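Asks: Got a sequence here, can you build the structure:
(4 chains)
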2 protein chains.
Amino acid sequence: MTTTEGLTEGLEDLPFNVFAKACPSRGTLEHVTGRWGGLALGALYEGSLRFNELRRRVDGVSEKMLSQTLHALERDGLVHREAQPTNPPRVDYELTPLGRDVAERLLALIHFVEGSMEQVLAARERYDSAKA
Amino acid sequence: MTTTEGLTEGLEDLPFNVFAKACPSRGTLEHVTGRWGGLALGALYEGSLRFNELRRRVDGVSEKMLSQTLHALERDGLVHREAQPTNPPRVDYELTPLGRDVAERLLALIHFVEGSMEQVLAARERYDSAKA
DNA sequence: GGCTGCGCTAACTTTTGGTTAGCGCAATCT
DNA sequence: AGATTGCGCTAACCAAAAGTTAGCGCAGCC
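Replies: Modelled structure (predicted):
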């Protein structure tokens, strides 16, 4: 893309390829699918939320991680951050159009996994009892 | 589900909910969307592969992590592992039907992200130059 | 007038991920 | 013939990421 890169050997037709170690898409994918990134995007899909609202929605996330995660997503252009310099500060987060598109795909995956959990748990029991 | 569980407080209608800290679906989602889980599923979508074939495909993964990742996916019933006790050992991995369904959704997300990378990179430049 | 909530950030600890080395044997090069 | 590489791991160790705790300054509530 930029100038000097040899990281798409054998895949010249596709500009970006997650399977290549140095491809920037891998980093973005990690932001999106990371432990908290996915849940944050999922929660924001229903509408804009303030920081602590989001925090309560995403059960178990620490302030540090949520803040970090949101900054990464904002930098990648998936989330828009609107801070009002009032006191106490009010900061709203909402998905950008690109973020919505990503969140849709993500939610399709999330909901599918949720819906498959019985199968998954059954598979685990089989696996564990076979190995025991 | 099994017998004694009180982890879906306030969401009785949905059996599993990733947003709840203790929900087992969160763990499975992490296996699926984790750094290597996603790439492994993506690579296996094209067909069954041996351990080291997979390792070469997923650029940058260590043997330890790949092995670990595959075991988790196997336990969750997404990947089938077929080991032949020959020497040198031959171990083939392939997706289960459930794994295919998951991989399809995942690939939709992955390909969308790959296709959006120019926008993402542009957003990053904007963000970085604004903050500088 | 003391307490909580707001949205963070800095310092520290724990957990996780990653790296290196080795395993025993078979097929492949020299 | 002898050395070298590849196979699919695992154990031991080390670096990086995530989690935890504390604190910020002010506004509104009790």
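
Asks: centroid residue for chain A?
Replies: A:V32 (2.4 Å; C-alpha atoms, centre = their mean).

Asks: Just the element for it, please.
Replies: Following DSSP states H and E, one finds A:V32 within helix A:24-33.

Asks: That helix vs DNA strand D: in contact?
Replies: No: Helix A:24-33 stays clear of DNA strand D (C-beta under 7 Å from any atom of the strand), getting no nearer than 7.7 Å. For glycine as for every other residue, the C-beta is placed from the backbone atoms N, C-alpha and C.

Asks: what's the neighbour count on the closest residue to the residue nearest to the centre of chain A other than its chain neighbours?
Replies: Excluding its sequence neighbours, the residue lying closest to A:V32 (C-beta to C-beta, 6 or more residues apart in numbering or on different chains) is A:V102, at 5.9 Å. Using other C-beta atoms under 10 Å in any protein chain shown, A:V102 has 31 neighbouring residues.

Asks: what helix or strand is A:V102 on?
Replies: Assigned by DSSP H and E, A:V102 falls in helix A:97-131.

Asks: Please work out the average pLDDT along that helix.
Replies: The average pLDDT within helix A:97-131 is 94.

Asks: before we move on, back to that, is there contact, residue-wise, from the helix holding A:V32 to DNA strand C?
Replies: No: figure legend: helix A:24-33 not in contact with DNA strand C (C-beta under 7 Å from any atom of the strand); closest approach 9.8 Å.

Asks: Who are the contact partners of the residue nearest to the centre of chain A?
Replies: A:38, A:41, A:73, A:76, A:78, A:102, A:106, B:109, B:113 (C-beta atoms under 8 Å, 6 or more residues apart in numbering or on different chains).

Asks: again with A:L66
Replies: A:36, A:40, A:51, A:54-55, A:58.

Asks: Am I right that it sits in a helix?
Replies: Yes: membership of A:L66 in a helix is supported by DSSP: H, G, I helix; E, B strand; the rest coil.

Asks: how much space is there between it and DNA strand D?
Replies: Distance of A:L66 to DNA strand D, computed by C-beta to the nearest atom of the strand, to the nearest Å: 9 Å.

Asks: How about A:S25?
Replies: In terms of C-beta to the nearest atom of the strand, A:S25 sits 17 Å off from DNA strand D.

Asks: And for A:P89?
Replies: A:P89 is 6 Å from DNA strand D, by C-beta to the nearest atom of the strand.

Asks: for A:V91, same thing?
Replies: Counting by C-beta to the nearest atom of the strand - A:V91 and DNA strand D are separated by 12 Å.

Asks: element containing that residue, please.
Replies: strand A:90-95.

Asks: my guess is A:P15 meets B:M117, correct?
Replies: Yes: the pair A:P15 / B:M117 is scored as a contact, 7.4 Å apart, by C-beta atoms under 8 Å.

Asks: Looking at the two, which is more packed in?
Replies: Using other C-beta under 10 Å as the criterion, A:P15 and B:M117 rank with B:M117 on top: 20 against 14.

Asks: just to revisit the earlier point, anything in the helix holding A:V102 near DNA strand D?
Replies: No: if you take C-beta under 7 Å from any atom of the strand as the test, helix A:97-131 misses DNA strand D, and the best it gets is 10.6 Å.

Asks: What helices and strands are in contact with that helix?
Replies: helix A:24-33, helix A:37-44, helix B:24-33, helix B:63-75, helix B:97-115, helix B:117-131 (3 or more C-beta pairs under 8 Å, 6 or more residues apart in numbering or on different chains; DSSP states H and E).

Asks: Need the winner for burial among those.
Replies: helix A:37-44 (a mean of 25; mean count of other C-beta atoms under 10 Å in any protein chain shown).

Asks: And the average pLDDT for that helix is what?
Replies: 95.

Asks: Repeat that for stretch A:82-91.
Replies: On average, stretch A:82-91 scores 88.

Asks: tell me how far the ends of that stretch are from each other?
Replies: Taking C-alpha to C-alpha, to the nearest Å, stretch A:82-91 runs 6 Å from one end to the other.
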